[in-house]
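The following block contains a protein sequence and its predicted model.
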Amino acid sequence: MGLPLALALVSTGIQVKAASDSASAALQQGKLQQRQFSNKIKDISFTALQQHNQRLKNLKTFIAVNDAILGVSGRAEDRSYNKILERAKKDARTDVTRMRIDKSMQIGQASAQSQMAMLQAQNRANAYRFQALGAIMSGATKAYPLMPNSPASTPTSPTIYTNTFDRAF
C-alpha cells in the first residue's frame, strides 16, 4: 500500500469521524434545548399557580375587609354588600380564567418550540450523516485508482482503430 493510498484512507476516516461527531453533538444540543423548554413549561405552570393563589388571597382579603367594615358600621348584610361581593367574585373568576388561558398558550408555544428545536437537531444530525456518507464515497473514488490491482492503476496501451475498408463502394 503506497503513501498516497494511505493518506486517502486516513483523510476519509477523519472526515467520517468529524461528521459522526458533529451528528452526535447536534442531537445532544437538541436534547439540551428540549430540557430547557421543559423547564420553561414547569416555570410557566409554577408562575401561573402563584398568580392564581395571589388572586384568591386578594379576593379573601377583600371579602374580609368588607366584612369588617360591615361589622364596624353596624349594618346588616344588604343588597349592595352582596352585589359588591358578587362583583368581586365574578372579577376573580374572570382573572383566573384569563390567567389559565394565558398559561395554556405559553405552554403550547414552549412545547412547539421544544419540538421544533428537536426536529432541527435531528435534521442537522441527518445532514452530518449524509456528509459522512459523501466522504466515504469520495474517499472510495479517490482511493480506487491508487489501489495496486485496480484497472485504473495499470497502464493500458491505447487501442488504435485504423480506417480499413474491406469492400468497395
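Cool, the structure landed.

just the CA coordinates of stretch 104-112, formatted as CSV?
C-alpha atoms of stretch 104-112 as CSV (Å, rounded to 0.1, in the frame of the first residue of the first chain):
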residue,chain,number,x,y,z
SER,A,104,-52.1,27.3,28.2
MET,A,105,-51.0,29.5,25.3
GLN,A,106,-47.5,29.9,26.8
ILE,A,107,-47.2,26.2,27.5
GLY,A,108,-48.3,25.5,23.9
GLN,A,109,-45.8,27.9,22.5
ALA,A,110,-43.0,26.5,24.6
SER,A,111,-43.9,22.9,23.6
ALA,A,112,-44.0,23.8,19.9
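
center of the protein - which residue?
By Cα atoms, centre = their mean, the mean C-alpha position of the chain lies nearest to residue 117, the distance being 1.2 Å.

ok now the strand or helix carrying it, how far from the chain's centre?
For residue 117, the host element (DSSP states H and E) is helix 79-143. Centroid separation for helix 79-143 versus its chain: 9 Å, with Cα atoms, centre = their mean, to the nearest Å.

State the mean pLDDT of that helix.
What helix 79-143 shows for mean pLDDT is 91.

again with stretch 5-18
Here stretch 5-18 scores 86 as its mean pLDDT.

again, but for stretch 23-31
For stretch 23-31, the per-residue pLDDT averages 92.

Number the chain from 51, please
With 51 as the first residue, the last one maps to stretch 73-81.

got the buried residues for it?
73, 76-77, 79-80 (16 or more other Cβ atoms under 10 Å). The way it works is simple: take the backbone N, C-alpha and C, and place the C-beta from them, glycine included.

Over to stretch 80-91?
80, 83-84, 87, 90-91.

want to try a markdown table for the residues you listed, with secondary structure as columns?
Formatted as a markdown table, those follow (DSSP: H, G, I helix; E, B strand; the rest coil):
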| residue | secondary structure |
| --- | --- |
| 80 | helix |
| 83 | helix |
| 84 | helix |
| 87 | helix |
| 90 | helix |
| 91 | helix |
